[in-house]
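# Next input, structure requested:
(chains A and B)
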Amino acid sequence: MMAKKILWLGVFLAPLCASPVLAQKTNTDTGPGCGLGKELWSNASNQKSIGAQVLAATTNGTSGNQTFGISSGTSGCTSDGTILGQYKVNVYASANFDNLSQDMARGNGEHLASFAELLNIPQENRAEFYTIAQTQYRGMLQSGENTPAAMLASLDSGMSSHPTLAKIVVK
Amino acid sequence: MILPLYFFLALALGVFFLNAGASSGQDSSPFYLQDLLRRAHALSLHEQRYWRLLLHYRPDWLGGYESEIDEPGFFLASNGKTKPKAELDATLTAFFSSKLVGRSRQPARCAFIARYEWLKSVLAIDESRLPPEPCERFRSWYAELNPASLSLIFPSAFLNNPASTFGHLLLRVDQKGQTEATKILAYTINYAAELPPDTGVEYVYLGVFGGYTGYFSTMPYYLKAKEYGDFENRDIWEYRLNFTPDQLHRVLLHAWEMGNASFDYFFFKENCAYHILALLDLADPDLYLADRFRFYTFPSEGVRAIAETPNLVQDAVFRPSRRTKILRGREALNADERDWLDKIIENPQMTQSESFARLTPIRQAAVLDVASDHFLYRAATESDSAPFEARNMTVLLARSQLSVAATPLRYQPFSGPPDQGHNIIRAGVGIGWREREFFTETNFRLAFHDLLDPEYGYTPDAQIEALSIALRHYHRRNNTRIDRFTLLNITSLSPVDSLFLKPSWKLDTGFDTVQRKLCRYCLTGRANGGIGLAAESRWLTREVYFGFGEIVSEYGRAFDHGYRVGGGLSAGALVDITDRWKMAATTTYLGFAAGDKKPEWRVSAQQRFTLSRNLALRLDFNQRANRQDYLLNLHFYF
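Model prediction:
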């Protein structure tokens, strides 16, 4: 009972600055290869239940501060807290996989527009890019695949036959 | 004897002039350093407000100064934490060296680049007389942020997640050329405590008393927006700030220095809101943002401090959480479409049915978009996400066959922007009637919001009260006494419907005055918890109904055996009659299994009328075990 009360008190006290709920696993099979990406959220069980929330709020270590720490040097995906150029696309696609999936299925949206920006798609080709994204995403789902890596690969192959976009490599 | 003296003087002068004339004079450094120190002392730079801001010095109890920064490496003088002058001298001295300093391991000029830029401008430092430092790490960081302006980000409070009871505060560094659609690519500046893995209940104690260490970090906004909006389902308010390019530059220079700093984290005061405000003070030392908070800093108060500063806020932009998107998206569907939504959520294969295909593509898209958000919401909030991810795939496959955009929705918030909510501290004066006795009451609550306080700017259906006390003076007997005290009182109502099925819960601890056989005014301790369900309707404006299963334990000499432990049921409703006028009514039946076993009925009815943002009238009726008590209160929020 006492322990439980303290836990409830924790509910009250955890709050002001929630530490980011990030977990860094060593398994990087489906991630961008620098220890981030999909793994970033794999342990984000904070919303499962009130009990699990308390647990999450009281037990989560944060790798966020080390990975994204200002002037913290180079570690994995980041340098002095900003994401290294070669990992940007991959980290973005992995971390936003669900929202990006939605936007690709729709052929529009904030996460797809930002992705186009990140890939430096020329403004005049954006509309075509969105159409390619929707077509390729449909093709990927029909083939039964659904991972960030497959998403990027199918987008890359969809763009390869386009006169301008073919020059842009998605990976 | 005279000749050698002249000779020596001439030599010394010659060396001095020679070196003064040299453009990159390592050799002249002792002279130039002495010159800078002399001028810094003459100007008393160490007493200037900007130096105090740069080093986070605050007056201590003994009339001196102490820095809030707790990392020794942040100071270049061994006693720099408490000696602003020694730190200033050591800083100027360190600019003449290329030695790597601070946690970030850079030359002092780069590691403490805001100090350098400020001293350079006030002392007109001739950079060519210092060892050259390109500060490439800083330059590439700055280029990567590509800053154009700053936004203050406030993820709102959401009681159902303990990590978000009061909200949070961070900055977003908006990029040049950024649009509404690409703002998620911007970096944020975030301050948070670092918790070691496997932290247990000591978290509470350590969090309040500075047992954890807080750091600054720069996560991309898409990660923070996802954390708050998708995982914790908190609406976000983004305040675009009007800083000049120079002010923006100064904030970022200091943010870079913060990479060398760490702070003991104090839950109530030195938290995210406090440190974000302290960082913004660097933009303009006349802002005095952090200085307004002496004992505690609530993120919403921080937002108000900024919103009340003339011309600082350009506008406030609402960013809906996943939950808000679902609720508002469903509102925009007609009855037939809502049926389809329910069917698809029940069985996603219905997306393939011919009758669904009879809706226009644009309406199909609207239904599918809400269905997909629903499955992602479930995937994020339930223990096994896989089945919801699979169903989402089915929905998205159907969606990818429609080459239309759904009608764009403007997601309306369920409450106002946080800067327009009532202030945190509440004081009340009132008159009342209890058992044929007239009394006057004064009450005080340190924080935060109860279900009847003016709701605009606060998360609806969420109550959290901490440290409140009410004193009553009974005139006939000329007796003043504590009537009630609340340590903590939380109620989270989550109206359920076909898409959202979450329990409501509450928790309450404190002291109450009860009247029993032998004891007219008995102070008794209470601990009460409950779990239940809530529902809402929109007959008048908005009504919320709730029912709870309760457990209660009470202690005091009013009871036989000095205590009672039991449980019961309660039911009630909250009714918004107009925007200003709200009513609440609750009835509770409690039975007791141990101690004093006499059961008890309780009835309460309350009304609130909002007079202005920080002024409200409250009428309370309470009945416990057939004893009644009426109270009329005027509440001030400040």
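# quick one, what contacts residue 119?
All of this refers to chain A. Taking Cβ atoms under 8 Å, 6 or more residues apart in numbering or on different chains, we find A:Leu119 in contact with A:Val89, A:Ile168, A:Val170. To be clear about C-beta, it is placed using only N, CA and C from the backbone, and glycine gets the same treatment.
# That was the other one, I meant chain B.
B:Leu119 sits in contact with B:Leu36, B:Ala40, B:Leu45, B:Thr91, B:Leu92, B:Phe95, B:Ile125, where contact means Cβ under 8 Å, 6+ apart.
# and what of B:Ala427?
B:Thr442, B:Asn443, B:Phe444, B:Arg445, B:His635, B:Phe636, B:Phe638.
# B:Thr442 now?
B:Ala427, B:Gly428, B:Val429, B:Gly430, B:Ala470, B:Leu471.
# Same question for B:Gln178.
B:Ala148, B:Leu185, B:Ala186 are the contacts of B:Gln178 under Cβ under 8 Å, 6+ apart.
# Would you mind giving both backbone torsions of the closest residue to chain B within chain A?
As assessed by Cβ to the nearest Cβ, chain B sits closest to A:Ser71 within chain A, at 3.0 Å. When read as degrees, to the nearest 10, the backbone of A:Ser71 gives phi 50, psi 40.
# Would you agree it is in contact with B:Tyr142?
No - counting by Cβ atoms under 8 Å, A:Ser71 does not reach B:Tyr142; the two are 11.4 Å apart.
# burial count for B:Ala594?
By other Cβ atoms under 10 Å in any protein chain shown, 11 other residues sit near B:Ala594.
# before we move on, what about A:Arg126?
Neighbours of A:Arg126 (other Cβ under 10 Å): 15.
# Correct me if wrong, but it is in a helix.
Yes - according to DSSP: H, G, I helix; E, B strand; the rest coil, A:Arg126 belongs to a helix.
# Tell me which residues touch B:Gly530, please.
Taking Cβ under 8 Å, 6+ apart, one finds B:Trp505, B:Lys506, B:Leu507, B:Phe548, B:Gly549, B:Glu550, B:Ile551, B:Ser570 in contact with B:Gly530.
# if you look at these, which of them are in strands?
B:Trp505, B:Lys506, B:Leu507, B:Phe548, B:Gly549, B:Glu550, B:Ile551, B:Ser570 (DSSP state E).
# of those, list those near chain A.
When contact is defined as Cβ under 8 Å from any Cβ of the partner chain, the ones in strands among the contacts of B:Gly530 meet chain A at B:Trp505, B:Leu507.
# Buried among the contacts of B:Thr442? Need that as a selection in PyMOL.
Filtering these down to the buried ones (16 or more other Cβ atoms under 10 Å in any protein chain shown) takes a single PyMOL command:
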select buried, chain B and resi 428+430+470+471
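# pLDDT added to the contacts of B:Thr442, as JSON lines?
Listed next are the contacts of B:Thr442 as JSON lines, based on pLDDT from 0 to 100:
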{"residue": "B:Ala427", "pLDDT": "97"}
{"residue": "B:Gly428", "pLDDT": "97"}
{"residue": "B:Val429", "pLDDT": "97"}
{"residue": "B:Gly430", "pLDDT": "97"}
{"residue": "B:Ala470", "pLDDT": "96"}
{"residue": "B:Leu471", "pLDDT": "96"}
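# Pop the domain breakdown of chain A in here.
Following automatic domain parsing, one finds the domains of chain A at A:36-82, A:88-167.
# what does chain B give?
The record's domain parsing of chain B by automatic domain parsing lists B:28-134, B:142-319, B:333-400, B:421-637.
# How about the third one and chain A, touching?
Yes - Domain B:333-400 lies within reach of chain A by Cβ under 8 Å from any Cβ, at B:365, B:369, B:372-373, B:376, B:379-383, B:389, B:392-393, B:396-397, B:399-400.
# Pull out the buried residues from the residues you listed.
By 16+ other Cβ under 10 Å, those give B:365, B:369, B:372-373, B:376, B:379-381, B:389, B:392-393, B:396-397, B:399-400 as buried.
# Sort those by pLDDT and name the bottom one.
Lowest-confidence member of those: B:Thr381, scoring 83 (pLDDT).
# Stretch B:233-245: which residues count as buried?
Within stretch B:233-245, judged by 16+ other Cβ under 10 Å, the buried ones are B:Asn233, B:Arg234, B:Asp235, B:Ile236, B:Trp237, B:Glu238, B:Tyr239, B:Leu241, B:Phe243.
# For chain A, which segments are assigned as helices?
If DSSP state H is used as the criterion, the helices of chain A fall at A:2-13, A:38-42, A:50-59, A:64-67, A:88-95, A:97-106, A:110-118, A:126-142, A:148-159.
# Counting only helices, which of the buried ones among the residues of domain B:333-400 next to chain A make the cut?
Within these, residues falling in helices by DSSP H are B:365, B:369, B:372-373, B:376, B:379-381, B:389, B:392-393, B:396-397, B:399-400.
# could I get the contacts of A:Leu119 as a markdown table with distance to chain B and neighbour count?
Below are those laid out as a markdown table (distance: Cβ to the nearest Cβ, whole Å; neighbours: other Cβ atoms under 10 Å in any protein chain shown):
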| residue | distance to chain B | neighbour count |
| --- | --- | --- |
| A:Val89 | 12 | 19 |
| A:Ile168 | 17 | 19 |
| A:Val170 | 16 | 20 |
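# my guess is B:Leu359 meets B:Leu368, correct?
No - counting by Cβ under 8 Å, B:Leu368 is not a contact partner of B:Leu359; they are 10.1 Å apart.
# Of those two, which one has the most company?
Taking neighbours as other Cβ under 10 Å, B:Leu359 and B:Leu368 compare with B:Leu368 leading, 28 against 15.
# what's the spacing between that one and B:Tyr377?
Distance, B:Leu368 to B:Tyr377, using Cβ to Cβ, to the nearest Å: 15 Å.
# Repeat that for B:Ser494.
13 Å.
# Contact residues of the stretch 451-600 of chain B facing chain A?
Listed as neighbours of chain A in the stretch 451-600 of chain B under the rule Cβ under 8 Å from any Cβ: B:Ile464, B:Ala466, B:Leu488, B:Ile490, B:Trp505, B:Leu507, B:Ala527, B:Gly529.
# try it again with 7 Å
B:Leu488, B:Ile490, B:Leu507 (Cβ under 7 Å from any Cβ of the partner chain).
# Of these, which is the nearest to B:Phe559?
B:Leu507 (21.7 Å; Cβ to Cβ).
# closest to chain A among the contacts of B:Gln178?
Among these, B:Leu185 lies closest to chain A (Cβ to the nearest Cβ), at 5.1 Å.
# Tell me, how many residues neighbour the closest residue in space to that closest one that isn't next to it in sequence?
Distance criterion Cβ to Cβ, 6 or more residues apart in numbering or on different chains; nearest residue to B:Leu185, sequence neighbours excluded, is A:Ser114 at 5.1 Å. Here the count is done by other Cβ under 10 Å, and A:Ser114 has 26 residues near it.
# again, but for B:Arg358
9.
# picking up where we left off before, which one of the domains of chain B has the most crowded surroundings?
Mean neighbour count (mean count of other Cβ atoms under 10 Å in any protein chain shown) peaks for domain B:142-319 among the domains of chain B, with a mean of 21.
# For residue 125, give me its contacts.
Picked chain A for this. A:Thr164, A:Leu165 (Cβ atoms under 7 Å, 6 or more residues apart in numbering or on different chains).
# meant chain B actually
B:Leu36, B:Leu119.
# Now do the phi/psi pair for it.
Torsion angles at B:Ile125 (phi, psi; degrees, to the nearest 10) stand at phi -60, psi 130.
# Please report the distance of it from B:Ala111.
Taking Cβ to Cβ, one finds B:Ile125 at 17 Å from B:Ala111.
# Taking the stretch 151-300 of chain B, what residue is nearest to chain A?
B:Gly259 (3.0 Å).
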